[in-house]
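Visitor: model this:
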Amino acid sequence: MAKKNLAILFGGCSSEHEVSCVSAATVIKAVNREHYNVYLIGITKEGHWLLVDSVSEVEDGTWRNSKKQVLISPDTKKEMLVIEDGNYTSIPVDCAFPVLHGLFGEDGTIQGLFEMAHIPYVGCGTLSSAVAMDKFFTKVIVAALPVEQAAFVPVRSYELKDMDVVVSRIESARSYPVFIKPSNAGSSKGVSKAANREELIAGLKEAARHDTKILVEEAIVGRELECAVFGHDDNVVASGVGEILAAAEFYDYDAKYNNADSGTVINPQLPEGKAEEIRQKAVQIFKAIDGFGLSRVDFFLENETNRVIFNEINTIPGHTAISMYPMLMQDAGYELGDYIEKLIEMAWERHEYGA
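Guide: From the prediction side, this is the model:
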């Protein structure tokens, strides 16, 4: 059987650019080269698309020096155009694998490009990607399920010009402490915790740097737990449960990627029945947003009450050395190379049969 051309996209314009590059290197190494010709497309922070020669360039960052510009055409010819020294080369694209975290990669936009071009692609579709990326609309959908989630106050960035009014509205609805989150940001970028009015104002300003929609949530005091889901339709499986042990007060970007004291535990000791409850709710949420392929669903287990409270769902979970998704999948019996192969096969199934 002839090899197919697989385009792996990474980097991007979001605040998670660097994490995406690390995740992509993991995925690139796991692809079966006997089945696929792999083409690496790096997207710079400025939004320039470059053809990259090797995974080593992804790892050391030199890919940004590439002189090969690449474009994926929205035309249904299913091709990418490589431009070098004024010359154009057309290369067929049989399947795309976006390893892009955050805005313009995980929010349905690039998925829409693949849909227009009729290119099969790995992972959630345009709707589920957009919904999961936007924490506000995720909450709207999950509210229809038998799933508890943190109460919140929505804020628009333009409202911050009347900061006193916004703060009064929040304080009348929620007591301190609260979490402030951009609605569309990943890896906890722009997230902060406020114990008083001064910290709330600073947190709102910081969140507004990342998005125009902001959530101010009640602070849930409890254990941070995650579950991997894999599949589509009636063939969705959930992994066991993993626990985040944050070195900081909460698992923000710095605690995730820059603090060696943060850790993870696979299959931690939980009260009876709670692991299965988390697994079931993870699948419910994944299906409710019309998920496809893979996602990581995050929960809290509240102290004292042991309530399972939904936090968020990530449709392109990280694949760094400390990322929970590949660890959970491995524990569930799915080795990285095997489930990467299956994800690509799912992309073909959806494209050819409407799976």
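Visitor: what's the nearest residue to residue 221 if we skip its chain neighbours?
Guide: residue 303 (5.1 Å; CB to CB, 6 or more residues apart in numbering). Heads up, the C-betas are built off the backbone N, CA and C, glycines and all.
Visitor: so who does that neighbour touch?
Guide: For residue 303, the contact set (CB atoms under 8 Å, 6 or more residues apart in numbering) comprises 221-223.
Visitor: are any of these buried, and which?
Guide: Buried subset of the contacts of residue 303 (neighbour count, 16 or more other CB atoms under 10 Å): 222-223.
Visitor: Present the contacts of residue 303 as a markdown table; the columns should include distance to residue 109.
Guide: Converted to a markdown table, the contacts of residue 303 look like this (distance: CB to CB, whole Å):
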| residue | distance to residue 109 |
| --- | --- |
| 221 | 36 |
| 222 | 34 |
| 223 | 34 |
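Visitor: show me where the stretch 151-300 of the chain has helices.
Guide: Along the stretch 151-300 of the chain, counting by DSSP state H, counting those that start in this stretch, helices occupy 163-173, 197-208, 253-257, 274-288.
Visitor: Which residues does the first one contact?
Guide: Among residues not part of helix 163-173, those counted as contacts by CB under 8 Å, 6+ apart are 153, 155, 159-160, 178, 197, 200-201, 204, 216.
Visitor: pLDDT value on the residue nearest to residue 221, please?
Guide: With respect to pLDDT, residue 303 scores 95.
Visitor: which one of the contacts of helix 163-173 sits closest to residue 134?
Guide: Lowest distance from residue 134 to those (CB to CB) belongs to residue 155, with 14.1 Å.
Visitor: Distance of the closest one relative to residue 236?
Guide: Residue 155 sits 34 Å away from residue 236, going by CB to CB, to the nearest Å.
Visitor: Name the residue in the two with the higher neighbour count.
Guide: When neighbours are counted by other CB atoms under 10 Å, residue 155 and residue 236 differ, and residue 155 comes out ahead with 22 against 18.
Visitor: which residues does that one bridge with?
Guide: Taking DSSP bridges as the rule, residue 155 bridges to residue 214.
Visitor: same thing with residue 224?
Guide: Beta-bridge partners for residue 224, by DSSP bridges, are residue 244, residue 300.
Visitor: and the longest helix along the chain, how far from the chain's centre?
Guide: For the chain, the longest helix by residue count, based on DSSP state H, is helix 336-353. What separates the centre of helix 336-353 from the centre of its chain is 18 Å, taken as CA atoms, centre = their mean, to the nearest Å.
Visitor: Where does pLDDT dip in the stretch 201-350 of the chain?
Guide: Counting by pLDDT under 70, the stretch 201-350 of the chain has low-confidence residues at 247-262.
Visitor: try 90 this time
Guide: The stretch 201-350 of the chain contains residues with pLDDT under 90 at 210-211, 246-263, 321-322.
Visitor: Contacts only, for the residue lying closest to residue 284 once chain neighbours are set aside.
Guide: Among residues not flanking residue 284 along the chain, residue 145 sits closest, at 5.6 Å (CB to CB, 6+ apart). Residues in contact with residue 145 (CB under 8 Å, 6+ apart) are 281, 284-285, 288.
Visitor: try 10 Å this time
Guide: By CB atoms under 10 Å, 6 or more residues apart in numbering, the contact set of residue 145 is 281, 284-285, 287-288, 310.
Visitor: and what of residue 13?
Guide: Residues in contact with residue 13, defined by CB under 10 Å, 6+ apart, are 43-48, 100, 102-105.
Visitor: looking at this, it is in a helix?
Guide: No - Residue 13 is assigned coil when assessed by DSSP: H, G, I helix; E, B strand; the rest coil, not a helix.
Visitor: Check the gap between it and residue 310 for me.
Guide: From residue 13 to residue 310 the distance is 28 Å (CB to CB).
Visitor: go on, residue 297?
Guide: According to CB to CB, residue 297 stands 7 Å off from residue 310.
Visitor: who's more crowded, those two?
Guide: With other CB under 10 Å as the criterion, residue 297 and residue 310 differ in neighbour count, and residue 297 comes out ahead with 26 against 22.
Visitor: where along the stretch 1-150 of the chain do the helices fall?
Guide: Ranges of helices within the stretch 1-150 of the chain are 17-30, 55-60, 109-117, 126-133, 135-142, based on DSSP H, counting those that start in this stretch.
Visitor: Report the buried residues of the shortest one.
Guide: The reference is to helix 55-60. So helix 55-60, judged by 16+ other CB under 10 Å, has buried residues 55, 57-58.
Visitor: Make JSON lines from those and add pLDDT and distance to residue 2 to it.
Guide: Listed next are these as JSON lines, based on pLDDT from 0 to 100; distance: CB to CB, whole Å:
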{"residue": "55", "pLDDT": "97", "distance to residue 2": "23"}
{"residue": "57", "pLDDT": "98", "distance to residue 2": "27"}
{"residue": "58", "pLDDT": "98", "distance to residue 2": "26"}
